[in-house]
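Colleague: Give me the fold of what follows.
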Amino acid sequence: MAGADDVKQVALLADMTSSKTGTFYFAFGSNLSPSQMKLRLNAEADSSKPVAIARLDAHAWIICQRGYANVVALPAINKAAHENTAWGVLYNLSAEDEARLDMFEGHDDYRNSSPEVNPDPSRQQEVPYLQGGWDYNKHYLPMTVTKWLRDPKEYGIQVQEWAGKHDQPTTIRGLVYVDEVRTQPGKINQEYIGRMNRAIRESVELGIPQAWVDAVMRKYIPAGIEVDHEGYVGTDKGYVEAEATETASDLKERVVKEKEQANS
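Modeller: Residues are numbered from 1 along each chain as shown. Next up is the predicted model:
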(Lines give C-alpha, C1' and ligand atoms only; values in the text may rest on other atoms or scores of the structure.)
Protein backbone atom coordinates (compact mmCIF):
# COMPACT_ATOMS: atom_id res chain seq x y z
CA MET A 1 0.00 0.00 0.00
CA ALA A 2 1.31 3.47 -0.86
CA GLY A 3 2.27 5.53 2.19
CA ALA A 4 1.67 9.18 2.97
CA ASP A 5 5.16 10.16 1.78
CA ASP A 6 4.56 8.49 -1.59
CA VAL A 7 1.30 10.38 -2.06
CA LYS A 8 3.01 13.64 -1.03
CA GLN A 9 5.69 13.13 -3.69
CA VAL A 10 3.01 12.52 -6.31
CA ALA A 11 1.20 15.69 -5.23
CA LEU A 12 4.30 17.75 -6.09
CA LEU A 13 3.74 16.80 -9.75
CA ALA A 14 -0.05 17.04 -9.65
CA ASP A 15 -0.30 19.70 -12.37
CA MET A 16 1.93 17.96 -14.89
CA THR A 17 -0.92 16.42 -16.92
CA SER A 18 -3.99 17.94 -18.54
CA SER A 19 -6.45 16.41 -16.08
CA LYS A 20 -7.94 18.78 -13.51
CA THR A 21 -9.22 15.95 -11.31
CA GLY A 22 -6.23 13.59 -11.11
CA THR A 23 -3.33 12.43 -13.27
CA PHE A 24 -3.84 11.31 -16.85
CA TYR A 25 -1.83 8.10 -17.25
CA PHE A 26 -1.03 6.56 -20.64
CA ALA A 27 -0.86 2.76 -20.36
CA PHE A 28 0.91 0.91 -23.19
CA GLY A 29 1.88 -2.44 -21.67
CA SER A 30 -0.04 -4.92 -19.53
CA ASN A 31 -1.92 -2.02 -17.94
CA LEU A 32 -3.79 -1.71 -21.22
CA SER A 33 -5.99 -4.23 -19.41
CA PRO A 34 -8.62 -2.59 -17.18
CA SER A 35 -8.90 -5.96 -15.44
CA GLN A 36 -5.28 -5.72 -14.32
CA MET A 37 -5.65 -2.07 -13.35
CA LYS A 38 -8.62 -2.94 -11.15
CA LEU A 39 -6.52 -5.54 -9.34
CA ARG A 40 -3.56 -3.21 -8.89
CA LEU A 41 -5.36 -0.05 -7.77
CA ASN A 42 -7.81 0.12 -4.90
CA ALA A 43 -7.95 3.66 -3.53
CA GLU A 44 -10.45 5.08 -6.04
CA ALA A 45 -12.63 2.92 -8.29
CA ASP A 46 -12.43 5.53 -11.05
CA SER A 47 -8.63 5.17 -11.28
CA SER A 48 -8.97 1.86 -13.11
CA LYS A 49 -11.73 2.97 -15.48
CA PRO A 50 -10.57 3.65 -19.06
CA VAL A 51 -10.96 7.31 -19.96
CA ALA A 52 -9.84 7.42 -23.59
CA ILE A 53 -7.83 5.87 -26.40
CA ALA A 54 -4.72 7.92 -27.16
CA ARG A 55 -1.83 7.94 -29.61
CA LEU A 56 1.76 8.84 -28.76
CA ASP A 57 3.50 9.98 -31.93
CA ALA A 58 7.24 9.83 -32.66
CA HIS A 59 7.64 6.84 -30.32
CA ALA A 60 8.34 3.20 -31.13
CA TRP A 61 6.60 0.48 -29.11
CA ILE A 62 8.93 -2.40 -28.26
CA ILE A 63 9.53 -5.26 -25.90
CA CYS A 64 12.89 -4.18 -24.51
CA GLN A 65 15.89 -6.18 -23.31
CA ARG A 66 14.27 -6.76 -19.92
CA GLY A 67 11.40 -8.56 -21.62
CA TYR A 68 8.73 -5.95 -20.94
CA ALA A 69 7.03 -3.17 -22.87
CA ASN A 70 8.70 0.17 -23.44
CA VAL A 71 8.29 3.20 -25.68
CA VAL A 72 11.33 4.78 -27.30
CA ALA A 73 11.41 8.39 -28.48
CA LEU A 74 12.12 8.90 -32.18
CA PRO A 75 12.92 12.00 -34.25
CA ALA A 76 9.73 13.88 -35.03
CA ILE A 77 8.38 13.24 -38.51
CA ASN A 78 5.34 14.55 -40.32
CA LYS A 79 3.42 11.34 -40.90
CA ALA A 80 2.30 8.88 -38.22
CA ALA A 81 2.88 5.25 -39.15
CA HIS A 82 2.72 1.96 -37.25
CA GLU A 83 6.46 1.90 -36.61
CA ASN A 84 6.62 5.41 -35.12
CA THR A 85 3.39 5.38 -33.12
CA ALA A 86 2.51 3.93 -29.72
CA TRP A 87 -1.16 3.47 -28.90
CA GLY A 88 -2.45 3.35 -25.34
CA VAL A 89 -5.37 3.50 -22.95
CA LEU A 90 -5.71 6.65 -20.86
CA TYR A 91 -6.68 6.45 -17.18
CA ASN A 92 -7.23 9.20 -14.60
CA LEU A 93 -5.37 8.32 -11.38
CA SER A 94 -6.02 9.56 -7.87
CA ALA A 95 -2.88 10.63 -5.97
CA GLU A 96 -2.89 7.48 -3.82
CA ASP A 97 -3.39 5.16 -6.78
CA GLU A 98 -0.66 6.93 -8.73
CA ALA A 99 1.71 6.37 -5.82
CA ARG A 100 0.65 2.71 -5.72
CA LEU A 101 1.22 2.35 -9.47
CA ASP A 102 4.70 3.86 -9.02
CA MET A 103 5.55 0.83 -6.91
CA PHE A 104 4.44 -1.58 -9.62
CA GLU A 105 6.49 0.32 -12.21
CA GLY A 106 9.67 0.32 -10.15
CA HIS A 107 9.50 4.06 -9.56
CA ASP A 108 10.00 4.02 -5.79
CA ASP A 109 12.32 5.03 -2.95
CA TYR A 110 13.70 1.50 -2.73
CA ARG A 111 15.38 1.91 -6.12
CA ASN A 112 16.08 5.64 -6.09
CA SER A 113 15.94 7.28 -2.67
CA SER A 114 17.44 10.63 -3.79
CA PRO A 115 16.05 11.55 -7.23
CA GLU A 116 18.15 14.04 -9.17
CA VAL A 117 16.36 16.97 -10.78
CA ASN A 118 16.80 17.05 -14.55
CA PRO A 119 19.62 19.57 -15.13
CA ASP A 120 18.24 20.48 -18.58
CA PRO A 121 15.68 23.28 -18.01
CA SER A 122 14.29 22.86 -21.53
CA ARG A 123 13.20 19.29 -20.72
CA GLN A 124 12.07 19.65 -17.12
CA GLN A 125 8.41 19.97 -18.06
CA GLU A 126 8.47 16.61 -19.81
CA VAL A 127 11.08 14.85 -17.65
CA PRO A 128 11.33 16.45 -14.18
CA TYR A 129 13.89 13.95 -12.79
CA LEU A 130 16.69 11.76 -14.10
CA GLN A 131 15.90 8.05 -14.13
CA GLY A 132 18.67 7.02 -11.75
CA GLY A 133 17.93 3.59 -10.31
CA TRP A 134 14.25 3.55 -11.21
CA ASP A 135 13.06 0.85 -13.60
CA TYR A 136 10.88 3.41 -15.38
CA ASN A 137 11.11 7.19 -15.28
CA LYS A 138 8.06 9.45 -15.30
CA HIS A 139 7.66 11.43 -18.51
CA TYR A 140 4.84 13.92 -19.09
CA LEU A 141 4.25 13.93 -22.82
CA PRO A 142 1.85 15.45 -25.32
CA MET A 143 -0.37 12.89 -27.01
CA THR A 144 -3.49 12.75 -29.15
CA VAL A 145 -6.77 11.43 -27.80
CA THR A 146 -8.63 9.83 -30.69
CA LYS A 147 -11.60 8.44 -28.74
CA TRP A 148 -13.05 9.55 -25.42
CA LEU A 149 -14.64 6.70 -23.47
CA ARG A 150 -15.91 9.02 -20.73
CA ASP A 151 -17.10 12.61 -20.89
CA PRO A 152 -13.90 14.73 -21.08
CA LYS A 153 -15.63 17.50 -19.12
CA GLU A 154 -15.21 15.27 -16.03
CA TYR A 155 -11.50 16.06 -16.26
CA GLY A 156 -11.75 19.72 -17.22
CA ILE A 157 -11.22 19.07 -20.92
CA GLN A 158 -13.45 20.92 -23.36
CA VAL A 159 -14.04 18.97 -26.55
CA GLN A 160 -16.28 20.48 -29.17
CA GLU A 161 -19.11 18.27 -30.43
CA TRP A 162 -18.28 15.30 -28.18
CA ALA A 163 -21.38 13.13 -28.13
CA GLY A 164 -20.13 9.85 -26.73
CA LYS A 165 -19.48 8.31 -30.14
CA HIS A 166 -17.73 10.75 -32.46
CA ASP A 167 -14.62 12.68 -31.46
CA GLN A 168 -12.32 15.31 -32.82
CA PRO A 169 -8.65 14.51 -32.07
CA THR A 170 -7.63 16.28 -28.86
CA THR A 171 -4.08 17.03 -27.74
CA ILE A 172 -3.50 16.47 -24.03
CA ARG A 173 -0.52 15.84 -21.76
CA GLY A 174 -0.25 12.55 -19.89
CA LEU A 175 2.07 10.56 -17.65
CA VAL A 176 4.07 7.83 -19.41
CA TYR A 177 6.42 5.43 -17.62
CA VAL A 178 9.50 5.23 -19.86
CA ASP A 179 12.64 3.14 -19.44
CA GLU A 180 15.38 5.40 -20.79
CA VAL A 181 18.10 2.78 -20.24
CA ARG A 182 16.78 -0.36 -21.97
CA THR A 183 15.76 0.93 -25.38
CA GLN A 184 16.67 -1.96 -27.67
CA PRO A 185 14.28 -4.72 -28.78
CA GLY A 186 14.43 -7.95 -26.82
CA LYS A 187 12.58 -11.19 -26.19
CA ILE A 188 9.38 -11.14 -24.14
CA ASN A 189 9.46 -12.79 -20.72
CA GLN A 190 7.32 -15.90 -20.60
CA GLU A 191 5.15 -14.78 -17.68
CA TYR A 192 4.35 -11.52 -19.49
CA ILE A 193 2.82 -13.14 -22.57
CA GLY A 194 -0.53 -14.07 -21.06
CA ARG A 195 -1.00 -10.69 -19.45
CA MET A 196 -0.14 -8.91 -22.69
CA ASN A 197 -2.62 -11.04 -24.64
CA ARG A 198 -5.30 -10.11 -22.11
CA ALA A 199 -4.24 -6.45 -22.47
CA ILE A 200 -4.46 -6.69 -26.25
CA ARG A 201 -7.88 -8.29 -26.19
CA GLU A 202 -9.37 -5.78 -23.75
CA SER A 203 -7.80 -2.69 -25.31
CA VAL A 204 -8.79 -3.62 -28.87
CA GLU A 205 -12.36 -3.91 -27.62
CA LEU A 206 -11.99 -0.35 -26.30
CA GLY A 207 -10.60 1.01 -29.56
CA ILE A 208 -6.87 0.29 -29.93
CA PRO A 209 -6.38 -0.34 -33.68
CA GLN A 210 -6.13 -4.05 -34.49
CA ALA A 211 -3.94 -3.26 -37.50
CA TRP A 212 -1.38 -1.58 -35.25
CA VAL A 213 -1.43 -4.52 -32.82
CA ASP A 214 -0.83 -6.94 -35.71
CA ALA A 215 1.97 -4.84 -37.21
CA VAL A 216 3.80 -3.89 -34.01
CA MET A 217 2.87 -5.92 -30.94
CA ARG A 218 2.58 -9.30 -32.61
CA LYS A 219 6.26 -9.21 -33.58
CA TYR A 220 6.98 -9.78 -29.89
CA ILE A 221 3.86 -11.38 -28.41
CA PRO A 222 2.71 -14.82 -29.59
CA ALA A 223 -1.07 -15.28 -29.65
CA GLY A 224 -2.91 -18.07 -27.87
CA ILE A 225 -1.24 -17.83 -24.44
CA GLU A 226 -3.56 -16.44 -21.76
CA VAL A 227 -3.52 -15.69 -18.05
CA ASP A 228 -4.92 -18.81 -16.41
CA HIS A 229 -6.77 -19.35 -13.15
CA GLU A 230 -3.51 -19.22 -11.23
CA GLY A 231 -2.21 -16.10 -12.99
CA TYR A 232 -0.82 -13.22 -10.93
CA VAL A 233 -0.30 -9.50 -11.18
CA GLY A 234 1.86 -9.04 -8.12
CA THR A 235 1.87 -6.68 -5.18
CA ASP A 236 3.68 -3.39 -4.63
CA LYS A 237 5.81 -5.14 -1.97
CA GLY A 238 6.65 -7.96 -4.35
CA TYR A 239 7.76 -5.68 -7.14
CA VAL A 240 9.84 -3.51 -4.85
CA GLU A 241 11.81 -6.57 -3.73
CA ALA A 242 12.09 -8.05 -7.21
CA GLU A 243 14.88 -7.06 -9.56
CA ALA A 244 12.52 -6.47 -12.47
CA THR A 245 9.27 -4.58 -12.48
CA GLU A 246 7.06 -7.34 -13.78
CA THR A 247 8.49 -10.46 -12.19
CA ALA A 248 6.60 -13.11 -10.26
CA SER A 249 5.36 -12.26 -6.79
CA ASP A 250 3.27 -13.59 -3.96
CA LEU A 251 -0.22 -12.41 -4.89
CA LYS A 252 -2.37 -14.48 -7.22
CA GLU A 253 -5.21 -12.98 -9.20
CA ARG A 254 -7.39 -15.78 -7.92
CA VAL A 255 -6.79 -14.64 -4.32
CA VAL A 256 -7.68 -11.05 -5.18
CA LYS A 257 -10.86 -12.11 -6.95
CA GLU A 258 -11.90 -14.35 -4.07
CA LYS A 259 -11.42 -11.47 -1.64
CA GLU A 260 -13.53 -9.19 -3.84
CA GLN A 261 -16.28 -11.77 -3.98
CA ALA A 262 -16.18 -12.28 -0.21
CA ASN A 263 -16.47 -8.52 0.41
CA SER A 264 -19.22 -7.93 -2.13
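Colleague: the strands in this protein, which residues?
Modeller: 23-27, 52-57, 59-63, 69-73, 85-93, 137-148, 170-178 (DSSP state E).
Colleague: in the stretch 51-200 of the chain, what spans have low per-residue confidence?
Modeller: Residue ranges of the stretch 51-200 of the chain with pLDDT under 70: 161-167.
Colleague: Helices of the stretch 1-150 of the chain, start to end?
Modeller: Counting by DSSP state H, counting those that start in this stretch, the stretch 1-150 of the chain has helices at residues 4-11, 34-40, 95-104.
Colleague: Could you measure from residue 49 over to residue 134?
Modeller: 27 Å (Cβ to Cβ, to the nearest Å). Any C-beta I mention is one placed from the backbone N, CA and C, and that applies to glycine too.
Colleague: Pick out whichever of those two has more residues nearby.
Modeller: Just comparing residue 49 and residue 134: by other Cβ atoms under 10 Å the higher neighbour count belongs to residue 134, 24 against 14.
Colleague: residues in contact with that one?
Modeller: 106-108, 111-112, 115 (Cβ atoms under 8 Å, 6 or more residues apart in numbering).
Colleague: distance of it from residue 194?
Modeller: 26 Å.
Colleague: Isn't residue 135 up against residue 112?
Modeller: No - assessed by Cβ atoms under 8 Å, residue 135 is found out of contact with residue 112, at 9.4 Å.
Colleague: what about these two, which has more around it?
Modeller: Shown here are residue 135 and residue 112; by other Cβ under 10 Å, residue 135 has more neighbours (24 against 18).
Colleague: Now that one: closest residue in space, sequence neighbours ignored.
Modeller: Leaving aside its chain neighbours, residue 135 sits nearest to residue 106 (2.7 Å; criterion: Cβ to Cβ, 6 or more residues apart in numbering).
Colleague: go on, residue 37?
Modeller: That would be residue 48: by Cβ to Cβ, 6+ apart, it lies 3.8 Å from residue 37.
Colleague: What residues does the one you found make contact with?
Modeller: With contact set as Cβ under 8 Å, 6+ apart, residue 48 has these partners: 34, 37-38, 40-41, 91, 97.
Colleague: export those residues to CSV and tack on neighbour count?
Modeller: Listed next are these as CSV, based on neighbours: other Cβ atoms under 10 Å:
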residue, neighbour count
34, 20
37, 25
38, 17
40, 24
41, 23
91, 28
97, 27
